[in-house]
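Participant: Based on what follows, work out the 3D shape:
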Amino acid sequence: MRAGDTLPPLRIPVTRTLVVAGAIASRDYQDVHHDPELARRRGSPDVFMNILTTNGLVGRYVTDCFGPRAVLRGVAIRLGAPNYPGDTMVLSGTVEEIDGDTATVKVVGDNGIGRHVTGTVTVTVPAEGVV
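Facilitator: Numbers count the residues shown, from 1 in each chain. Have a look, this model is predicted:
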C-alpha cells in the first residue's frame with residue numbers, strides 16, 4: 001500500500017442481532033441498544049449501534065484489508081448518524097501516510113441517513129519473519 005491508495009468498500013448489513021449482540025459483547029447494557037420500546041421513549045425510532053461495536057467494525061475493516069499480520073496500533077473514531085436495524089453501513093478508507101511498516105488510514109462509514117463514523121486507524125504490518 002502507498003499513501004493515496006483507497007481500500008475496497010465493505011458493506012455491513014445493520015441487523016437487530018448485530019446491534020444487540022455488539023452491545024452485549026461490549027457490556028454496554030444501555031437500554032437504547034437492546035430495547036426498542038425504551039429507545040422510542042427516549043426519542044429514538046429504534047435501537048441503535050453503540051460506539052464500541054462501530055469501533056470494532058472499523059478495526060476489522062482495516063485489518064481485513066491489510067491482511068492477517070496486521071496489528072492495530074490505534075483507532076480514533078467520531079460518531080455521526082446512528083446505525084439503525086434494517087440499514088447498511090458502507091465503510092471506505094484511504095491510506096493517508098506510510099512510515100516504514102506503519103500506515104495511517106482515514107476511514108468513513110455511511111448509512112442511509114448520513115455519515116455514521118469518521119476515524120483514523122494506525123496499523124502496522126510486520127515484515128515476514130518479524131514477530
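
Participant: Follow the chain on from the top strand by length along the chain and name the next helix or strand.
Facilitator: Counting by DSSP state E, the longest strand found in the chain is strand 87-99. Using DSSP states H and E, the next helix or strand after strand 87-99 towards the C-terminus is strand 102-111.

Participant: Stretch 12-21: end-to-end distance?
Facilitator: 15 Å (C-alpha to C-alpha, to the nearest Å).

Participant: got the contact list for that stretch?
Facilitator: 33-34, 47-50, 53, 57, 83-91, 111 (C-beta atoms under 8 Å, 6 or more residues apart in numbering). From N, CA and C alone the C-beta is placed, and that goes for glycine too.

Participant: quick one: strands adjacent to the longest strand of the chain?
Facilitator: strand 6-14 (antiparallel), strand 102-111 (antiparallel) (DSSP bridges).

Participant: I'd like those as TSV, with mean neighbour count appended.
Facilitator: Formatted as TSV, those follow (neighbours: other C-beta atoms under 10 Å):
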stretch	mean neighbour count
strand 6-14	15
strand 102-111	20
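
Participant: is it possible to export those to a markdown table including distance to R42 and mean pLDDT?
Facilitator: Conversion of these to a markdown table gives the following (distance: least, C-beta to C-beta, whole Å; pLDDT from 0 to 100):
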| stretch | distance to R42 | mean pLDDT |
| --- | --- | --- |
| strand 6-14 | 19 | 98 |
| strand 102-111 | 20 | 98 |
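
Participant: Kindly reformat the ones you listed as CSV containing distance to E96.
Facilitator: Below are these laid out as CSV (distance: least, C-beta to C-beta, whole Å):
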stretch, distance to E96
strand 6-14, 11
strand 102-111, 5
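
Participant: quick one: which of those is nearest R40?
Facilitator: Comparing the strands paired with strand 87-99 against R40 with C-beta to C-beta, the closest turns out to be strand 6-14 (17.5 Å).
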